[in-house]
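Asker: Please work out how this folds:
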Amino acid sequence: MNDLKLERVSALTEADIAECDFSFKIHAEVAKPVTQLALDQNFTTSPLPERTKVFDLNPEEFASADDKKNVIFVLKKDENILGLAAASKGWNNMVHLDYIGLDTGIRGAGNAQRLLSAVLDWTREIGLGYLRVECQSNNVSACRFYKKAGMTFGGYDENLYGAIPESKGETAIFFYYMLK
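Answerer: Residues are numbered from 1 along each chain as shown. I've put the predicted structure just below:
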């Protein structure tokens, strides 16, 4: 879908993204040791029972963007939002990619890269040199995307999601993009 328009917006409401399907299929996870992600090669996976994961988006996280501390980019066809990326300046002077999501109908066409590029441009615009992304071990497609986009594996945390019943057993994986 090359007819999607990339826009920076000042806010999003629940109604703006109500028709989007940001869910993804889980069928595998990054095989242990997760540190294999640091290697400059394809990584191996371990099969999991197939299920669909849906992130509950908190509308308050998208209530406003002030361009200095946080930003929201959307991909639109006509007036319908089909993709979004939200990022914020972290305490450590890194930009944190808080969320990136594409409707299932526009995946595989370079749209995630368009959103990531917009966030990287914003990172430069505000004078920072690093972008940090947190991903889950069972979101294999996202891990592949971040590696393909030139991000570097920075570490993992096997306990981060331990108190979330539906995410127990998932490993948080951190990727970084160094602009400087």
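Asker: Identify the residue spatially nearest to residue 174, adjacent ones excluded.
Answerer: residue 154 (4.4 Å; CB to CB, 6 or more residues apart in numbering). Every residue, glycine included, has its C-beta placed from N, CA and C.
Asker: In space, what's closest to residue 44 - neighbours in sequence excluded?
Answerer: Using CB to CB, 6+ apart, the nearest residue to residue 44 is residue 31, at 4.3 Å.
Asker: For the one you found, give me its contacts.
Answerer: The neighbours of residue 31, taking CB atoms under 8 Å, 6 or more residues apart in numbering as the test, are 43-46.
Asker: count of neighbours near residue 80?
Answerer: Counted with other CB atoms under 10 Å, residues neighbouring residue 80 total 14.
Asker: From residue 102, how far out is it?
Answerer: 13 Å (CB to CB, to the nearest Å).
Asker: and what of residue 94?
Answerer: Per CB to CB, residue 94 is found 24 Å from residue 102.
Asker: the more surrounded of these two?
Answerer: Relative neighbour count places residue 102 above the other of residue 94 and residue 102, with 24 against 18, counting by other CB under 10 Å.
Asker: can you pull up the bridge partners for the more buried one?
Answerer: Taking DSSP bridges as the rule, residue 102 bridges to residue 83.
Asker: my guess is it meets residue 22, correct?
Answerer: Yes. Using CB atoms under 8 Å, residue 102 and residue 22 qualify as a contacting pair, with a distance of 7.1 Å.
Asker: Skipping adjacent residues, who's closest to residue 19 in space?
Answerer: The shortest distance from residue 19 to any residue other than its chain neighbours is 6.8 Å, reached at residue 80 (CB to CB, 6+ apart).
Asker: these two touch, right, the one you found and residue 17?
Answerer: No. In this structure, residue 80 is not within contact of residue 17 by CB under 8 Å, at 9.7 Å.
Asker: residue ranges with poor pLDDT in this protein?
Answerer: 1-2 (pLDDT under 70).
Asker: Check what contacts the longest helix along the chain and list those residues.
Answerer: Counting residues, the longest helix found in the chain (DSSP state H) is helix 111-125. With CB under 8 Å, 6+ apart as the test, helix 111-125 has contacts from 1, 4, 6, 8, 71, 73, 75, 82-85, 87, 95, 97, 100, 102, 129-131, 145, 149, 177, 179.
Asker: buried subset of those?
Answerer: Taking 16 or more other CB atoms under 10 Å as the criterion, what is buried in these is 1, 4, 71, 73, 75, 82-85, 87, 95, 97, 100, 102, 130-131, 145, 149, 177.
Asker: so of those, which ones are in strands?
Answerer: 71, 73, 75, 82-85, 87, 95, 97, 100, 102, 130-131, 177 (DSSP state E).
Asker: hang on, the earlier thing: ok, the residue nearest to residue 44 to residue 140 distance?
Answerer: Between residue 31 and residue 140 the computed distance is 10 Å (CB to CB).
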